[in-house]
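Peer 1: Need a 3D model of the following:
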Amino acid sequence: MPTNMFHLGWFLQGSSIGGWGDKWSGNIAREWMHPGAYLDLARAMERACFDYILIEDSIYVGQNWQDSREIFLTNGISVPRQEPSVVATLMAAATTRLGIVPTLSTFAYHPYLTSRIVGTLDQISLGRGGWNVVTGSSDLSAQNFGMDKLADHDERYVMAEEYMQICQGLWGSWEPGAIVGDRDTGVLIDHNKVHTIDYKGKYYASRGPLNSGPLPQGQPVIAQAGGSKSGKGFAARYADTIVAAPKGVEAMKQYRNDVRAEMAAIGRDPDKCKVLFLVQPILTETMTEAAERIAERKAASEKYIDQRLARFGWSTNLDLSGCDLDAPIGELTTNGHQSSLAQFLARSSGKTLREAIIEHTTSGYCVDMVGTPESIASQMAEVMEEVGGDGFLIEQPNVNRRTIASITDGLVPVLQHRGLTRKAYAHEQLRDNLLDF
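Peer 2: The predicted structure is shown next:
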């Protein structure tokens, strides 16, 4: 097996309806709740031998533009969103090797419920379940659950520590061999191998044991997008795979080195966690067409600048509608996604808000990838060689069957031919496939 192989994941932004107004989106505005799009996506990812699909989520309707929901609802910005644990079950039933990783927030679900939901996903998928751990980023989501606002950013990670300790305790509350299934003795479960956890912390408590039984993987694969200092520390302690979005190859390399150093410092093997970097590859047949697509993307950001700012505000918990587009960006702080805002501000020094948001929305996350399958495959290989690993989490802003096929039937065959990504799964369970190289 080549030493330079890397992993692939798919980052699904909630649902496919975001691209309802685009060409090649079919009748998604009418058919968005039908299961076909999810089933087609999952099967396509499995045919392309992706490690997993991560189902991103939010649990509120945006109101971060002129203190109104209008722009979000009119344009379908991150709405509607369906419950990811249900979508995950649908995808798991349609596949046999692909990992399925829904997003569940630590403030919206009690840890016992999360342990049970994700544990059941791991069971019914025969060891392919995961959980993308998020702590929340918007007070609007907190208000949907009867709270005035979210806890402060760093406190949310302190709360998440207790949360994870409960979840891990519950997943471990059944010893190996607890299910006996001995008809001769009439014993299904050895009661001596099932235990309470009796956890009582400052924020959460749970007695246990988990009543849904043991998990094929022991515990599901944990994903986490640790960008801030608190987030990176949390990821280093618990994550099996990390969603990373630092801008530029040097920042990517530094991020991965930092996380691996933190893991080593606490006694975790750094190779046990795979860092996947967010990218938005745009596939074209020629490099001339690639240049045209870059120009089209920039023109769209200029034309729909209010939507771009609203979408950025949605993710950072900011309302930028009152800012002067043609003035330098002033001081901004957030209790939301701090790393996203920090990276935006770092890249925007000396720029107006208009210039900064156009650049931000046309730069393709970690590295910009626009070109032919061959050129992007070469770029991916070069980036991985420089960064050191571990792979890419591919996202398409407007998912439709054509954009999916451009990746699975255009890019991936080139990657496979060059020995950069797998041609077949070596294992049945998600964690084993992640640790395969």
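Peer 1: Domain parsing of this structure, as residue ranges.
Peer 2: The chain is divided into the following domains under automatic domain parsing: 7-283+368-434, 287-360.
Peer 1: Just say which of the ones you listed is most tucked in.
Peer 2: Greatest average neighbour count among the domains of the chain goes to domain 7-283+368-434 (a mean of 19), per mean count of other C-beta atoms under 10 Å. To be clear about C-beta, it is placed using only N, CA and C from the backbone, and glycine gets the same treatment.
Peer 1: Start and end of it, how far apart?
Peer 2: 7 Å (C-alpha to C-alpha, to the nearest Å).
Peer 1: chain center to it, what's the gap?
Peer 2: 5 Å (C-alpha atoms, centre = their mean, to the nearest Å).
Peer 1: Let me see the mean pLDDT of it.
Peer 2: Averaged across domain 7-283+368-434, the pLDDT comes to 95.
Peer 1: cool, and stretch 346-363?
Peer 2: Stretch 346-363 shows a mean pLDDT of 84.
Peer 1: Please list the outside residues in contact with it.
Peer 2: Applying C-beta atoms under 8 Å, 6 or more residues apart in numbering, the external contacts of stretch 346-363 come out as 247, 294, 297-298, 301-302, 305, 308-309, 311-312, 320, 323-329, 344.
Peer 1: let's see 10 Å
Peer 2: Residues outside stretch 346-363 that contact it (C-beta atoms under 10 Å, 6 or more residues apart in numbering): 247-248, 251, 280, 294-302, 304-309, 311-312, 320, 323-330, 332, 340, 343-345, 368, 370, 397.
Peer 1: do the same with stretch 24-40
Peer 2: 12, 15-22, 53, 55, 76, 80, 82, 86-88, 90-91, 93-95, 398-405.
Peer 1: Endpoints of it, how far apart?
Peer 2: 15 Å.
Peer 1: So that it lines up with my notes, have the first residue be 752 from now on.
Peer 2: All set: I'll call the first residue 752, so the last point we hit is now stretch 775-791.
Peer 1: I'd like to check which residues are in contact with the nearest residue to Thr865 once chain neighbours are set aside.
Peer 2: Nearest non-adjacent residue to Thr865, counting by C-beta to C-beta, 6 or more residues apart in numbering: Leu855, 5.3 Å away. Applying C-beta under 10 Å, 6+ apart, we find Leu855 in contact with 806, 808, 810, 834-836, 839, 864-865, 868-869, 882-885.
Peer 1: got a list of what Gly1018 touches?
Peer 2: Per C-beta under 10 Å, 6+ apart, neighbours of Gly1018: none.
Peer 1: how about the helices of the stretch 1052-1188 of the chain, start to end?
Peer 2: Assigned by DSSP state H, counting those that start in this stretch, the stretch 1052-1188 of the chain shows helices spanning 1056-1067, 1089-1098, 1104-1111, 1124-1138, 1152-1156, 1163-1168, 1181-1185.
Peer 1: Counting by contacts, list what the fourth one packs against.
Peer 2: With contacts defined as 3 or more C-beta pairs under 10 Å, 6 or more residues apart in numbering; DSSP states H and E, the secondary structure elements packing on helix 1124-1138 are helix 1000-1016, strand 1025-1030, strand 1033-1034, helix 1038-1054, strand 1121-1122, strand 1142-1145, helix 1163-1168.
Peer 1: do that again at 8 Å, thanks
Peer 2: Where contact means 3 or more C-beta pairs under 8 Å, 6 or more residues apart in numbering; DSSP states H and E, helix 1124-1138 is packed against helix 1000-1016, helix 1163-1168.
Peer 1: Would you format the ones you listed as CSV with distance to Tyr950 included?
Peer 2: Shown next, in CSV, are the helices and strands packed on helix 1124-1138 (distance: least, C-beta to C-beta, whole Å):
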stretch, distance to Tyr950
helix 1000-1016, 25
helix 1163-1168, 43
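Peer 1: Looking at those helices, spot the one closest to Ala799.
Peer 2: helix 1163-1168 (4.4 Å; C-beta to C-beta).
Peer 1: Against which helices or strands is the closest one packed?
Peer 2: Against helix 1163-1168 (3+ C-beta pairs under 8 Å, 6+ apart) you get helix 1124-1138.
Peer 1: ok, and what's touching the helix it packs on?
Peer 2: 755, 757, 1000, 1003-1004, 1007, 1028, 1032, 1034, 1038, 1041, 1118, 1120-1122, 1142-1143, 1161-1162, 1164-1166, 1169, 1171.
Peer 1: Also stretch 961-972?
Peer 2: By C-beta under 8 Å, 6+ apart, the residues outside stretch 961-972 that reach it are 803, 850, 852, 863, 866-867, 869-874, 877-878, 880-882, 918-919, 921-925, 927, 929-930, 991-992, 1180-1182, 1185.
Peer 1: Straight-line length of it, end to end?
Peer 2: Stretch 961-972 has an end-to-end distance of 18 Å (C-alpha to C-alpha).
Peer 1: Stretch 880-893 too?
Peer 2: End-to-end for stretch 880-893, by C-alpha to C-alpha: 26 Å.
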